[in-house]
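Asker: Sequence plus the predicted model coming up.
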Amino acid sequence: MSTTAIKSKTAAAIDRAREAGRTALVGYLPAGFPDTRTTIEAAVALAENGADVIEIGIPYSDPVMDGQVIQAATVQALHNGFHVREIFDIVAEITARCDAAVLVMTYWNPVMRVGVDEFSRRLAEAGGAGLITPDLIPDEAAEWFEASDKYGLDRVFLVAPSTSPERMAMTVKASRGFVYAVSIMGVTGARENVSDAARRVVESAHAAGAERVCVGLGVSKAEHVREIGEYAEGAIVGTALVAALGADGVGAVVRLAADLSTGTAKPSRPAAGA
Amino acid sequence: MTQSPEKPSSALPDAADAFLAAGGSLRHAPGPYFGSYGGRWMPESLIAALDELEDTFEKAKADPEFTARVAKLNKNYSGRPSLLTEAQRFSQHAGGARIFLKREDLNHTGSHKINNVLGQALLAQRMGKTRLIAETGAGQHGVASATAAALLGMECVVYMGAEDCRRQALNVARMELLGATVVAVTAGSQTLKDAINEALRDWVANVDTTHYLLGTAAGAHPFPAMVRYFHEVIGEEAREQILAQTGRLPDAVCACIGGGSNAIGIFHGFLDDRSVKLFGFEAGGDGVDTGRHAATITLGRPGVLHGARSYLMQDEDGQTIESHSISAGLDYPGVGPEHAYLADIGRASYEPVTDGEAMEAFRLLCRTEGIIPAIESAHALAGALRIGQRLTEGREHPEEVIIVVSLSGRGDKDVATAAEWFDLLQKDSPEEKIGAEGEQL
């Protein structure tokens, strides 16, 4: 993890969960789906029902890491006229109304278009914790390193089952907040089981020095969260929440979040844990 | 490796020339960066595969057995070297400049695409991969990929926008005849860029067994440098042939640009020849002021798409804008990063050619030379007519101006579009009815 003096909002949120004996719950919702107001209400409700970290996704025309559910939601948001500039007000309102750390998950071109420094400045002003960047690897992130340090933002990079030991070490070092462990070789989408590969990715990240690793892709049930809690600091749920919101509105998000929360109680383990 | 010239903050037309004059070389640029363009803007999940591909490619290039195998297939399967044909009657419409056509249309499968698919399929075999996936717009690259897969006994899945599948039913049938599976992509805008997105999603999930056979000199490193490598043969042959036929280098080389693979292939042979002007012709669609075009370098701005930083058609939010062109092969909102770099340093010039200009050149080549070009290539032909007029202006001996044009593909696939465009279909004929619904025959 970065050794700078920057206080990571996301790390603090994960640590609060850890101190309370819980696996951190990270919930994803796309901005503007089905509309901006609902995104905000659903995110606040998510935080009030157990999410420690909220990810708000910026809808993008070419989301190569997303499966059909999230693609359909973001296509609808764009069709309804979502604009990237709205993300800052969304983050500001969610941040003002709950204690969760609010990260923005975004493909990189929309950030480049605004300007990396300008985007970072406005995100920090809005109270945002940082960015999750599914198609930006540390190798290409020089501008983002500079801006995130300047404005005190978290840099959540992804690691995957295919990540080599060298890249794992480099990516863990580049990350701040947490390291996002992709559980399988694939795109976002609810799956029946969380793959065994997830545990190996997290172990490898821990071995490379990561203090906080959260597992995403295919996580949709309380039992997944419970299982991930055995070896990781947090579980990330996206598609299942998006599907619930799409099918049945904010109430469904509340019910799913409350259910997922039942899986966050950490099994008691030796005090000298990872 | 030689140093690259600094990327100018804005177009510095003399940067490349000064660099070459000082003995620099622009050839064999290895990537991952071309100036500030290129790179690997990709999910971490795919980085190991890109590393493996780069490593395999670098070793293969240095392996005489591999290069011999590529050369043998090029000769005995594709039919290389392709001809260089002087187009004497066509030249009369270019201010009298002498126009020579590099006949990639005569390759097996009818375009330059075969050069790249054979090379990449051999690399896939070297990596022990048994499955090829590819994207295709109108179907040309899909057909070429299916061809390579059939030849080498590999599984092949081609992603194609659902709208394109409907309009190009015969090309879908061609791919299936060759043993490939065609997947209609219904995501996003259902066009070429969405087919690429879907192929990338497949690749992430199946990377252990699968090679993504990208069809153009774009995408993440090593694709731009690698695809160029397999197409460099176009420029190498053309340079030798024009020297043999005329005793000197041409004044200009013209090519059409979608992603830019045939253009980078032919340009490469002449990159270090300061006297040779290089022109790339983008699809101007209905006209660059109509918003319906694919003139990426002319009107786009730098951004990242499909793994590379390059010029890109995007809106104020960084969302990709849909491109439009009568030519499916040029209908792509991005462009290869090496072209973005060559544009910035002034080594190559890029101009739009409208659908109308391209179709006039299409008809002219048919009638003056007896060659039906691909509509993609007709953009280069229209550009060559324009450049011929420009370079011969005020010259006493216009025939001293020599232009080489990349005739990147044959136009058999485009006969229906052309018949519709020129209103050649009989009223109430079955073909006319199909054409009226915007479909291909």
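Answerer: Thanks, I have it.
Asker: Per-residue pLDDT of the closest residue to residue A:66 other than its chain neighbours, please?
Answerer: What sits nearest to residue A:66 in space, not counting adjacent residues and going by CB to CB, 6 or more residues apart in numbering or on different chains, is residue A:188, at 4.9 Å. Every residue, glycine included, has its C-beta placed from N, CA and C. Residue A:188 carries a pLDDT value of 90.
Asker: tell me the secondary structure for residue B:405?
Answerer: Secondary structure state of residue B:405, per DSSP: H, G, I helix; E, B strand; the rest coil, is strand.
Asker: So it is in contact with residue B:378, correct?
Answerer: No - with contact defined as CB atoms under 8 Å, residue B:405 does not count as touching residue B:378 (10.3 Å).
Asker: Quick one: residues contacting the residue in chain B that chain A sits nearest to.
Answerer: Proximity of chain B to chain A (CB to the nearest CB) peaks at residue B:318, 3.1 Å away. Residue B:318 sits next to A:60, A:84, A:109-114, B:303 when contact means CB atoms under 8 Å, 6 or more residues apart in numbering or on different chains.
Asker: can you give me the helices in chain A?
Answerer: Using DSSP state H, the helices of chain A run over A:9-19, A:36-48, A:68-79, A:86-97, A:108-114, A:116-125, A:142-151, A:165-174, A:197-207, A:222-229, A:239-261.
Asker: how about the residue nearest to the residue of chain B closest to chain A when sequence neighbours are not counted, what does it touch?
Answerer: The shortest distance from residue B:318 to any non-neighbouring residue, by CB to CB, 6+ apart, is to residue A:113 (3.1 Å). Residues in contact with residue A:113 (CB under 8 Å, 6+ apart) are A:84, B:303, B:314, B:316-318.
Asker: Spatially, which two of the residues you listed are the most separated?
Answerer: Maximum pairwise distance in the contacts of residue A:113, criterion CB to CB, is 12.9 Å, between A:84 and B:303.
Asker: right, so the helices of chain A: which one is the most enclosed?
Answerer: Neighbour counts (mean count of other CB atoms under 10 Å in any protein chain shown) averaged over each of the helices of chain A peak at helix A:108-114, with a mean of 23.
Asker: Hmm, residue A:46 is touching residue A:258, no?
Answerer: No - Residue A:46 lies out of contact with residue A:258 (CB under 8 Å); the separation is 10.0 Å.
Asker: I am assuming residue A:189 contacts residue A:237, so please confirm or correct that.
Answerer: No - the pair residue A:189 / residue A:237 is not scored as a contact, 11.8 Å apart, by CB under 8 Å.
Asker: The stretch 251-400 of chain B against chain A: which residues are in contact?
Answerer: Those residues of the stretch 251-400 of chain B that sit near chain A, judged by CB under 8 Å from any CB of the partner chain, are B:302-306, B:312, B:314, B:316-320.
Asker: Okay, and which of the residues you listed map to strands?
Answerer: Using DSSP state E, the subset of those located in strands is B:302-305, B:312.
Asker: Identify the farthest-apart pair in those.
Answerer: Maximum distance among those (CB to CB): 10.5 Å, for B:302 and B:305.
Asker: which residues are in contact with both of these two?
Answerer: Common neighbours of residue B:302 and residue B:305, using CB under 8 Å, 6+ apart, are residue B:312.
Asker: which of these two has more neighbours?
Answerer: residue B:305 (31 against 17; other CB atoms under 10 Å in any protein chain shown).
Asker: list the helices and strands the helix or strand residue B:166 falls within packs on?
Answerer: If you go by DSSP states H and E, residue B:166 is part of helix B:162-167. For helix B:162-167, the packing partners by 3 or more CB pairs under 8 Å, 6 or more residues apart in numbering or on different chains; DSSP states H and E come out as strand B:181-185.
Asker: contact partners of the strand it packs on?
Answerer: So strand B:181-185 is in contact with B:142, B:156-162, B:165, B:172, B:175-176, B:194-195, B:197-198, going by CB under 8 Å, 6+ apart.
Asker: ok, then the element right after it?
Answerer: Using DSSP H and E, the first helix or strand after strand B:181-185 is helix B:192-206.
Asker: what about that next one, average pLDDT?
Answerer: Regarding helix B:192-206, the rounded mean pLDDT is 94.
Asker: Can you tell me the strand partners of the following helix or strand past that helix and which way each runs?
Answerer: Using DSSP H and E, the helix or strand that follows helix B:192-206 in sequence is strand B:210-212. Using DSSP bridges, strand B:210-212 pairs in its sheet with strand B:131-136 (parallel).
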